[in-house]
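Colleague: Need coordinates for the following:
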Amino acid sequence: MSLLTRASAVLRRHGPVLFVRRVAREISRRSSLGLRRVATGGKDFVLSDYGVKLIPNWSDSTFQLYVIGGYGTFFSDFLATRTADFAFVDIGANQGLYSILAARNPHCLGVAAFEPSSATADLMSRNVTLNEASQIEVHRFAVAAKEGTEQLTTFPGHSGKASLNPTKDGFSVPETETIRTVSAQGIDARIPDAPSYIVKVDVEGLEDVVLREFAKTLAVHRTSHIFYEVDEDWVSSDKLEEILRASGFTRFERVGKDPIHYDVLAIRD
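Modeller: This next block holds a predicted model:
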């Protein structure tokens, strides 16, 4: 897909106002990355705007967003300001940004990070070591409705698009990898014991599957917050909310202004 074709698709989907905003953000992002790459050239790590040290992975879009703080500060601030003991469950952990941020909170008793891509999990493990976050356990599994193996679709240069839901990103030729999966019982077996859990879910279109499976765990009844991604092209936000309300979550805080792609913080009162 050409750059012009991609731009036309964004314009049709989001309208002229959001299109202009996205173009401006992309120009700013590329300028910032160029300056940062020059400034950190030759070092063994890159210090991101989140204060997390990262193994250089400049060709990857997710890494680039880590570096410039492209995911905003809502959830990073949320994790930093927890004042009661908790454990963090990171489903779709990628290179480990939020797992490491959670581990920095002195009230975090442990982190269970699930990342099925072998290459991405390798990077995360190195980032965990780099940041001396010994309470993080990296589990090389995807969460699914049944335990076994599945085919993970990955995209070179865009680790954040990896999914069990085959799709196209328009930027690179997809590859596949055989990965292992766990269901509810496997989740419970791999998370640390804690009085409370905070969960993050970022699984590129399979949020409904993951949330349904997590709702079957023993841990769900001690889970105070679930932060998850919504892409209305893949799944209805009402559908996800219905799953969580059935598990006792009562408030849903939307994060982000994009009408199609945004995050939600589900809260158990």
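Colleague: Not counting sequence-adjacent ones, nearest residue to the one residue sitting closest to the centre of the chain?
Modeller: Residue closest to the mean C-alpha point of the chain, counted by CA atoms, centre = their mean, is residue 202 at 4.0 Å. Once flanking residues are discounted, residue 202 sits nearest to residue 92: 4.0 Å by CB to CB, 6 or more residues apart in numbering. In this view, the C-beta of every residue, glycine as well, is placed from N, C-alpha and C.
Colleague: Now do the contacts for residue 71.
Modeller: 65, 97 (CB atoms under 8 Å, 6 or more residues apart in numbering).
Colleague: Can you check the pLDDT for residue 7?
Modeller: Reported pLDDT at residue 7 in the predicted model: 44.
Colleague: Then residue 22?
Modeller: pLDDT, read off for residue 22, is 49.
Colleague: part of a helix, is residue 129?
Modeller: Yes. Residue 129 forms part of a helix when assessed by DSSP: H, G, I helix; E, B strand; the rest coil.
Colleague: I'd like to know how far it sits from residue 180.
Modeller: Note on residue 129: its distance to residue 180, by CB to CB, to the nearest Å, is 23 Å.
Colleague: on that earlier part again, can you verify my assumption that the residue nearest to the centre of the chain contacts residue 95?
Modeller: No. Assessed by CB atoms under 8 Å, residue 202 is found out of contact with residue 95, at 11.9 Å.
Colleague: on that earlier part again, pull the contacting residues for the residue nearest to the centre of the chain.
Modeller: By CB under 8 Å, 6+ apart, the contact set of residue 202 is 91, 92, 94, 160, 228, 229.
Colleague: how far out from the middle of the chain is the strand or helix carrying the fifth one?
Modeller: Spelled out, it's residue 228. Using DSSP states H and E, residue 228 maps to strand 223-231. Computed by CA atoms, centre = their mean, to the nearest Å, the separation of strand 223-231 from the middle of its chain amounts to 10 Å.
Colleague: Now do stretch 245-264, average pLDDT.
Modeller: Mean pLDDT, stretch 245-264: 97.
Colleague: can you list the residues that contact it?
Modeller: Outside stretch 245-264, the residues that touch it by CB under 8 Å, 6+ apart are 13-14, 18, 72, 74-75, 215, 220-221, 226-233, 237, 240-241, 244, 265-269.
Colleague: next one: stretch 77-91
Modeller: Contact partners of stretch 77-91, identified using CB under 8 Å, 6+ apart, comprise 96, 98-99, 101-105, 107-114, 143, 187, 191-203, 210, 214, 219, 224-225, 227, 265.
Colleague: Residue 111 and residue 104 touch, don't they?
Modeller: No. Contact criterion CB under 8 Å: residue 111 and residue 104 do not qualify, at 10.4 Å.
Colleague: Now for the two: what residues contact both?
Modeller: By CB under 8 Å, 6+ apart, the residues touching both residue 111 and residue 104 are residue 133.
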